[in-house]
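Undergrad: sequence? don't have it. structure:
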């Protein structure tokens, strides 16, 4: 289409695992994925899933690694051999205020709606039933920020999920 692409993204995580029987771990993540600065020019600066990372940045699927700046803090612990729990607090901003929050299909090409997408709290509990069956129960609460509210996403949301994983080979990939 004749459009020049010039995008970048990076992520860094620092964490510490405490010496305790329940294996507590505290970590902090900062990530950035560039956004398009001018919506109607011939250059695209938006980092997107074509660059190799498609996993959402929020359990509720509100955020993906496009036009994003995020800070996440997380605590994990394993109170029992078969049980692992985690909680996180996450902050999200647009990298470029003139580009879109793609997952919500919201954009302010003027950039006057601000950059703050919002924040969320996430909780997950993983339980290993046996070598072949695991379950996860999760909850995420999203609180919209200035951009989200101004561009049309005013209300908070709650997401509760329950999943089963069947592993036919009995691997220990999740570290139970």
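TA: Thanks, I have the structure now. Being a predicted model, the structure only gives us computed values, none of them experimental.

Undergrad: the longest strand in the chain is where?
TA: strand 116-130 (DSSP state E).

Undergrad: isn't residue 108 right up against residue 96?
TA: No - counting by C-beta atoms under 8 Å, residue 108 stays clear of residue 96, with 10.7 Å between them. Backbone N, C-alpha and C define where each C-beta goes, glycine included.

Undergrad: helices of the chain, residue ranges please.
TA: Assignment of helices within the chain using DSSP state H yields the ranges 146-151.

Undergrad: could you list the low-pLDDT ranges of it?
TA: 1-2, 49, 51-56, 170-176 (pLDDT under 70).

Undergrad: let's see it at 50
TA: Counting by pLDDT under 50, the chain shows no low-confidence range.

Undergrad: tell me how far the nearest residue to residue 104 once chain neighbours are set aside lies from residue 108.
TA: Distances taken as C-beta to C-beta, 6 or more residues apart in numbering put residue 153 closest to residue 104, at 5.4 Å, once the chain neighbours are dropped. Distance, residue 153 to residue 108, by C-beta to C-beta, to the nearest Å: 12 Å.

Undergrad: contacting residues around the closest residue to residue 42 other than its chain neighbours?
TA: Once flanking residues are discounted, residue 42 sits nearest to residue 3: 5.6 Å by C-beta to C-beta, 6+ apart. By C-beta atoms under 8 Å, 6 or more residues apart in numbering, the residues touching residue 3 are 42-44.

Undergrad: and those residues, which of them are buried?
TA: residue 44 (16 or more other C-beta atoms under 10 Å).

Undergrad: taking the contacts of residue 3 one by one, which sit in strands?
TA: 43-44.

Undergrad: nearest to residue 83 among the contacts of residue 3?
TA: residue 44 (45.0 Å; C-beta to C-beta).

Undergrad: hmm, who's touching the longest strand of the chain?
TA: Residues contacting strand 116-130 (C-beta under 8 Å, 6+ apart): 58-60, 62-63, 68, 82-94, 101, 134-148, 174, 176.

Undergrad: which residue is nearest the centroid of the chain?
TA: residue 57 (1.5 Å; C-alpha atoms, centre = their mean).

Undergrad: got the contact list for residue 107?
TA: 39, 98-101, 151.

Undergrad: count of residues packed around residue 169?
TA: Residue 169 has 7 neighbours, counted by other C-beta atoms under 10 Å.

Undergrad: can you name the residues bridging to residue 119?
TA: Beta-bridge partners recorded for residue 119 (DSSP bridges): residue 91, residue 143.

Undergrad: so how far is residue 96 from it?
TA: 19 Å.

Undergrad: gap between residue 83 and residue 169?
TA: Residue 83 is 22 Å from residue 169, by C-beta to C-beta.

Undergrad: actually residue 5, sorry about that
TA: 39 Å.
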